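Undergrad: Show me the folded form of this:
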Amino acid sequence: MLGKNAILLLITVNFIFPCIAEDSDFRFLAVGDVPYSQEQYGQFLRLLSQSKSEDFAFLMHIGDFKDGSTECSDAALEKIALVFQAYPKPIVYTPGDNEWTDCHRTGGDPIERLQKLRELFFQNPDTLRLHQLKVEHQNRNPQFKAYIENYRFVKSNVLFIATHIVGSNNNYRPDHPPSMEEFNRRNGANLAFLKESFARAIEQKVSAIVVMIHANPDFEAGNSQGFKDFLLIMRRFLTKYHRPVICIHGDSHYFRIDKPLVDDKGLSYLHFTRVEVFGWPNVAGVSISVDPTSAEVFTYYPYYLKQTPDRK
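TA: Have a look, this model is predicted:
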């Protein structure tokens, strides 16, 4: 008989998909689109300090840890990398557009910045400590060796998928050939990773799924070229998989929990929930509790900085 924390290695022709055999409740803290200023940086440190002693299994940051108008320097990346390294729990992070896509606004090279981002946050295992969650990176497949930032893991039979989909229309810039080349390659990698992950979710009958992206893909209208393929694959999957699915994102800085995605008849996918984190100008998070034995699996609570005597 397998113990509660036994690891099942499910071997397929293409890859090994690790699955943690446990059914315990847990919770995690989701943040994003902060810090955007020096003042917010201090508040962000306070939020992390407040949270680190609580029972969060990990911290999730959905990208944009700087604003889009400041220089895209190594120092800006290294500053947050050190903050992440100091946090006592794993950091489940996906890049935002301010970290690389939008660096052309301040004279930077987005493609070069993306490489530096991958180097500091994903190639250095000490920054995020994702190995503690037994993650599986897409770049294990030589066909997608560049896409180390796409990864997944299973905790308490809930599948988490981090996919590199960013704001600013996902770097879809028809007037800029290098950006279009980058977009097409990454979009292809994203779609392949999602299809593979969704197929395994159905096969292994996971209790629920969390899809983590940075961008607000406009679930309601879906008119942006940079996100249409993502929305198409989500709809196709939701017609086959009927357990809870949530998509956690940021980008538009509007805290909400709703069901914006509808099928071709205009009916909501009731088992799909969008969770958007707060973001600038607010420094706050969303505490997400996971109970794989419950029907809805997820419950959500805003997570705020506690007031101190000198900050009433």
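Undergrad: Averaged over its residues, which helix or strand of the chain has the lowest pLDDT?
TA: strand 7-11 (a mean of 33; mean pLDDT, DSSP states H and E).
Undergrad: From K306, how far off is L59?
TA: Separation of L59 from K306 (Cβ to Cβ, to the nearest Å): 17 Å. C-beta here means a position set from N, CA and C on the backbone, and glycine is covered the same way.
Undergrad: Need the nearest residue in space to the most centrally placed residue in the chain, chain neighbours excluded.
TA: Taking Cα atoms, centre = their mean, the centroid of the chain lies closest to M212, which sits 3.1 Å from it. Leaving aside its chain neighbours, M212 sits nearest to A162 (4.7 Å; criterion: Cβ to Cβ, 6 or more residues apart in numbering).
Undergrad: F65: what secondary structure?
TA: Per DSSP: H, G, I helix; E, B strand; the rest coil, the local secondary structure of F65 is coil.
Undergrad: Find the residue closest to it in space, skipping its chain neighbours.
TA: I80 (4.6 Å).
Undergrad: State the number of residues packed around that neighbour.
TA: 21 (other Cβ atoms under 10 Å).
Undergrad: and it, backbone torsions?
TA: phi -80, psi -30 (degrees, to the nearest 10).
Undergrad: Check Q132 too.
TA: With angles defined as degrees, to the nearest 10, Q132 sits at phi -70, psi -20.
Undergrad: what does F28 give?
TA: phi -140, psi 160.
Undergrad: Looks like it contacts H61 (just checking).
TA: No: using Cβ atoms under 8 Å, F28 is not in contact with H61; the gap is 11.0 Å.
Undergrad: where do the contact lists of those two overlap?
TA: Contact with both F28 and H61 is made by residues V92, according to Cβ atoms under 8 Å, 6 or more residues apart in numbering.
Undergrad: From G107, how far out is H164?
TA: 23 Å.
Undergrad: One more: I246?
TA: Computed as Cβ to Cβ, the I246 to G107 distance reads 38 Å.
Undergrad: More neighbours: those two, which one.
TA: Neighbours were counted for I246 and for G107 using other Cβ under 10 Å; I246 has more, 20 against 8.
Undergrad: Could I get the contacting residues of the more buried one?
TA: So I246 contacts 208-211, 272-275, 298 (Cβ under 8 Å, 6+ apart).
Undergrad: Quick check: neighbours of the helix or strand it falls within in the sheet, parallel or antiparallel?
TA: I246 is part of strand 245-249, with elements assigned from DSSP states H and E. Take DSSP bridges as the rule and strand 245-249 pairs in its sheet with strand 208-212 (parallel), strand 272-276 (parallel).
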